[in-house]
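A.B. asks: Fold the following, please.
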Amino acid sequence: MAAFLPAPNPPYETMSRICSIRGSRVRSGRRIHRSGLAKKKGGIGRHVTKTVNRKISPNLHKKRVFVPELGRYVVVKASCKAFKTINKNGAFATLKKAGLI
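C.D. replies: Residues are numbered from 1 along each chain as shown. Got it, this is the predicted structure:
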């Protein structure tokens, strides 16, 4: 009886929310919770009552990027800021520096 071995996943299909070029990931932060009515609206002023934890996710997209030096497409899961870096520095140089090629 043959054992079932799952196929290895490519690096862009991992479940983690990490940019494959810049390495930006989900961060945690806080949001200030305020109560009360503003003075200019007739109240006695706003007061900070507590801070609420929140998650800040990178703006990730999965796209095919054409690399002219290789003559093929490479699928990349990256943030929008990383795609701006690809436009500025070129696909081959950016992907090579990130270790994806």
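A.B. asks: which residues touch stretch 31-44?
C.D. replies: Residues external to stretch 31-44 that are found in contact with it (Cβ atoms under 8 Å, 6 or more residues apart in numbering): Gly45, Arg46, His47, Val48, Thr49, Lys50, Thr51, Val52, Asn53, Arg54. Any C-beta I mention is one placed from the backbone N, CA and C, and that applies to glycine too.
A.B. asks: Could I have the CA atoms of the helix or strand containing His33 written out in PDB?
C.D. replies: Secondary structure assignment for His33, by DSSP states H and E: strand 27-35. These are the backbone C-alpha positions of strand 27-35, laid out as PDB (Å, rounded to 0.1, in the frame of the first residue of the first chain):
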ATOM      1  CA  ARG A  27       1.800  43.700  13.100                       C
ATOM      2  CA  SER A  28      -0.100  44.400  16.300                       C
ATOM      3  CA  GLY A  29      -1.100  47.800  17.500                       C
ATOM      4  CA  ARG A  30      -3.600  49.700  19.500                       C
ATOM      5  CA  ARG A  31      -6.600  51.900  18.800                       C
ATOM      6  CA  ILE A  32      -7.600  54.600  21.300                       C
ATOM      7  CA  HIS A  33     -11.100  54.200  22.500                       C
ATOM      8  CA  ARG A  34     -12.700  57.500  23.400                       C
ATOM      9  CA  SER A  35     -16.000  58.400  25.000                       C
END
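A.B. asks: max-length helix in this protein?
C.D. replies: Of all the segments assigned as helix in the chain under DSSP state H, the longest by residue count is helix 80-89.
A.B. asks: what residues does that helix touch?
C.D. replies: The contact list for helix 80-89 (Cβ under 8 Å, 6+ apart) reads 19-22, 24, 59, 61, 63, 65, 76, 78, 94-95.
A.B. asks: In it, which residues are buried?
C.D. replies: Ala82, Phe83, Thr85, Ile86 (16 or more other Cβ atoms under 10 Å).
A.B. asks: what packs against the helix or strand immediately after that helix in the chain?
C.D. replies: Downstream of helix 80-89, the next assigned helix or strand under DSSP H and E is helix 91-98. For helix 91-98, the contact count by 3 or more Cβ pairs under 8 Å, 6 or more residues apart in numbering; DSSP states H and E identifies strand 60-67, strand 72-79, helix 80-89 as packing neighbours.
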